[in-house]
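Student: What shape does this take:
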Amino acid sequence: MTALQAPAAPLSLGVDTGGTFTDAVLYAEGRGVVAKAKALTTRHDLAVGIAGAVDAVLAEAGVPAAAIGLVSMSTTLATNALVEGVGGRVALVMIGFGEADLARDGLGAALGGDPVVFLPGGHDVYGNETPLDLAPLEAALPDLAGAVSAFAVCAYFAVRNPAHENAARGLIRRATGLPATASHELSSQLGGPRRALTTLLNARLVGLVDRLVAATEGFLAARGIAAPLMMVRGDGALVSAAFARRRPIETILSGPAASLVGARHLTGLDAALVSDIGGTTTDVAMLDGGRPRLDPEGATVGGHRTMVEAVAMRTFGLGGDSEVALETAGLVRGLLLGPRRLVPLALVGHQHGAAVRETLERQARAAMPTRLDGRFALRTGVSERLSSGLTPAEARLYALLGDAPVPLDRLLDGGARPATLDRLVARGLAQIAGFTPTDAAHVLGLQTTWDAAAARLGATLFARRRDARGLAVADDAAAISRRVLDALQRRSAEALVETAFAEDGLDPRHAGHPLVARALDGRAGVARLALALDRPVVGLGASAALHYRGLGARLGTDCVLPPDADVANALGAVVGRVSIRREARVVEPQEGRFRASAGAAVADFSDENAALDWAESELSRQVADEARAAGGEALEVAVDRDVRAVTVEGSRRFVEAVIGATASGRPRFAVAAGALDRSAN
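Tutor: Coordinates of the predicted model:
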């Protein structure tokens with residue numbers, strides 16, 4: 001580099017862990033995507049897949065580790081943990097609540113067998129306290145310290161005065177040294193039981209996210225990458241890894257949020273339906289005003305309605321690795337896709353070679369097809385300790401499995417039942433390999449990533465299966481593969497219509513109505529039916545260019561397939577901004593006395609405007625401090641007021657005021673990142 005050539009902007013490294021692939025992308029402001037790479041997601045240890053993707057993208061770019069000034073990741077870890085019921089054992093401390101409150105908002109069901117401690121205390125709507133008694137908690141802590149991994153603390157009306165939560169949390173940390181989450185840290189909304197639920201789930205996730213962050217930081221340090229590590233929240237904003245460690249619940253729906261941020265960056269569109277197709281699921285969400293549409297009721301994950309702000313998203317069990325099955329009802333069998341994910345035959349053929357193809361060839365030589373043809377089982381690779389508690393039948397079947405795929409026609413011929421295998425799959429101990437849309441694409445030459453020969457054999461076995469009339473399902477491997485890919489696109493269109501109907505307040509189930517089906521299929525008739533969306537569709541995901549070709553014509557709109565759509569999630573992880581929003585409230589507990597509460601700060605005033613000004617100033621300071629702690633710089637703070645008053649007999653009466661403040665800024669880069677403008681070399 002000559003003296004006149006200045007260093008380029010430092011590189012950002014974005015990482016996204018999906019169900020099938022972990023993506024990595026190197027991005028530079030003004031240059032765009034510098035390099036991108038993929039590695040298979042290692043579900044038993046996400047850090048292994050992350051390492052593979054990052055090493056690959058660095059090799060692709062040919063840049064030194066010192067060139068990276070920021071690392072940011074989106075992850076499915078928190079979402080998957082809540083869906084699968086995985087997490088640490090937590091003690092819930094309820095201040096001012098009673099046993100009956102556990103029956104509200106699914107709190108008792110989420111608690112399961114975890115311990116709960118009830119304490120006298122809490123506050124009223126104006127922030128006035130009921131005396132707190134910490135003695136029952138102090139007596140319980142010695143036993144709880146060895147029985148739980150974290151604590152969750154929720155006090156009655158803590159959003160109006162968090163003093164009792166702070167006192168209990170302080171005692172827990174001093175006595176046990178364990179993580180303790182207070183509900184007012186996560187939400188300023190009223191509704192104690194749901195706030196307690198959110199806090200409980202957060203505490204349950206602390207250990208999981210902490211291990212992921214620690215493993216990622218260790219990997220980055222080993223590679224010499226000395227850059228801040230950020231994570232994507234469920235609303236698309238970035239926060240530091242340290243922030244996410246304390247509040248992991250806010251990373252639920254991190255991946256879909258990152259995809260929306262990436263879609264906006266790649267297309268510049270302000271309004272769109274964004275459909276992100278992966279190996280396991282398709283996530284559909286809205287862009288409005290250039291921002292992800294958030295769920296006003298709070299994110300629902302794993303059947304739990306939380307108070308976490310996250311993208312409003314509909315998830316469908318539809319992807320490139322969806323199970324292909326035959327519909328059993330009716331004389332003419334149609335194709336069913338998903339919701340279960342299978343390992344594609346092309347992938348197991350690629351990984352395990354001739355043994356897989358020889359089994360498929362043996363099955364193809366048999367005179368009669370069976371329902372087990374083209375199917376294998378293998379272990380997922382999780383720790384052996386997770387296999388505890390198996391029934392004798394499950395343990396016997398599990399012992400027959402290994403890292404290499406075992407054909408089901410051999411595995412289940414000794415009396416083992418398919419239901420037993422299904423239970424091992426449900427527990428995450430085993431996975432099934434079989435014919436998928438990914439295999440269909442390999443058969444037709446539309447994908448060439450893995451073993452096309454294994455895919456073709458699997459398609460041939462599926463095509464010769466019989467319908468209710470005794471006829472083969474399809475003429476050959478190519479014919480069934482075309483039908484599978486057409487079915488995937490057709491179901492994708494229906495998912496988008498279902499989302500559009502839900503946005504319009506219509507029953508989303510009407511997306512399956514015969515009239516809608518006729519419009520989507522473009523079938524001719526005396527009555528000509530058409531359906532059109534009012535905004536474009538943005539297709540994201542590694543296979544979007546394959547599966548969404550022609551999708552726009554079905555939906556009467558444009559289907560935008562931007563460059564780098566295959567790594568939009570990873571890109572969204574680095575082009576986002578740090579953003580923190582909090583609320584303060586002003587109430588009038590007595591006539592002429594105005595009480596303002598902003599976070600842990602509470603103050604009384606004799607003048608309404610003075611209370612409002614103090615709340616605005618204090619809240620602005622707090623969100624700016626929190627945004628800096630979350631990794632942001634060059635912050636901007638925006639404030640809004642909602643003053644609620646009524647007129648009684650011609651006289652104005654103050655009711656309540658809600659002040660909102662949002663601090664946002666760009667993420668902080670490493671101070672010295674030796675990025676070089678390689679284009680000038």
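
Student: for the stretch 51-200 of the chain, what spans make up the helices?
Tutor: Using DSSP state H, counting those that start in this stretch, the helices of the stretch 51-200 of the chain run over residues 77-84, 107-111, 135-145, 163-176, 192-222.

Student: among these, which is nearest A453?
Tutor: helix 77-84 (32.8 Å; CB to CB). C-beta: built from backbone N, CA, C; applies to glycine.

Student: And the average pLDDT for the closest one is what?
Tutor: The average pLDDT within helix 77-84 is 70.

Student: on that earlier part again, nearest to T300, out of the helices of the stretch 51-200 of the chain?
Tutor: The nearest among the helices of the stretch 51-200 of the chain, by CB to CB, is helix 77-84 at 9.8 Å.

Student: Save the helices of the stretch 51-200 of the chain as CSV, and put in distance to L400 and mean neighbour count too.
Tutor: Formatted as CSV, the helices of the stretch 51-200 of the chain follow (distance: least, CB to CB, whole Å; neighbours: other CB atoms under 10 Å):
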stretch, distance to L400, mean neighbour count
helix 77-84, 24, 20
helix 107-111, 35, 18
helix 135-145, 41, 15
helix 163-176, 44, 19
helix 192-222, 30, 22
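
Student: give the contact list for V54.
Tutor: V54 makes contacts with L13, V15, A24, F219, R223, as judged by CB atoms under 8 Å, 6 or more residues apart in numbering.

Student: likewise D45?
Tutor: A215.

Student: count of neighbours near the closest residue to L529 other than its chain neighbours?
Tutor: Spatial nearest neighbour of L529, chain neighbours left out: A519 (4.3 Å); criterion: CB to CB, 6 or more residues apart in numbering. Look at A519: counted by other CB atoms under 10 Å, it has 20 neighbours.

Student: Got phi/psi on A519?
Tutor: phi -70, psi -40 (degrees, to the nearest 10).

Student: Per-residue pLDDT of the residue positioned nearest the centre of the chain, please?
Tutor: By CA atoms, centre = their mean, the chain has its centre lying nearest to L253, at 2.9 Å. pLDDT for L253: 84.

Student: Over to P405?
Tutor: We have a pLDDT of 95 for P405.

Student: Likewise for the one 3 residues further on?
Tutor: In this model, L408 is scored at 94, pLDDT.

Student: do S620 as well
Tutor: Per the predicted model, pLDDT is 95 at S620.

Student: Just confirm it is within a strand.
Tutor: No. Counting by DSSP: H, G, I helix; E, B strand; the rest coil, S620 is not part of a strand but helix.

Student: Now do the domain split for the protein, please.
Tutor: 87-204, 322-485, 577-666 (automatic domain parsing).

Student: Looking at those domains, spot the one closest to T557.
Tutor: domain 322-485 (20.8 Å).

Student: Quick check: G290 touching H265?
Tutor: No. Contact criterion CB atoms under 8 Å: G290 and H265 do not qualify, at 10.0 Å.

Student: between the two, who's got more neighbours?
Tutor: Neighbour comparison, G290 and H265: the larger count goes to H265, with 18 against 11 (by other CB under 10 Å).

Student: and the nearest residue to the more buried one once chain neighbours are set aside, how many neighbours?
Tutor: Closest residue to H265 apart from its sequence neighbours, by CB to CB, 6+ apart: V575 at 4.7 Å. For V575, the count of nearby residues is 21 (other CB under 10 Å).

Student: JSON lines please, covering the helices of the stretch 51-200 of the chain and showing distance to A610.
Tutor: Output for the helices of the stretch 51-200 of the chain, formatted as JSON lines (distance: least, CB to CB, whole Å):
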{"stretch": "helix 77-84", "distance to A610": "42"}
{"stretch": "helix 107-111", "distance to A610": "39"}
{"stretch": "helix 135-145", "distance to A610": "38"}
{"stretch": "helix 163-176", "distance to A610": "23"}
{"stretch": "helix 192-222", "distance to A610": "30"}
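
Student: That'll do, ta.
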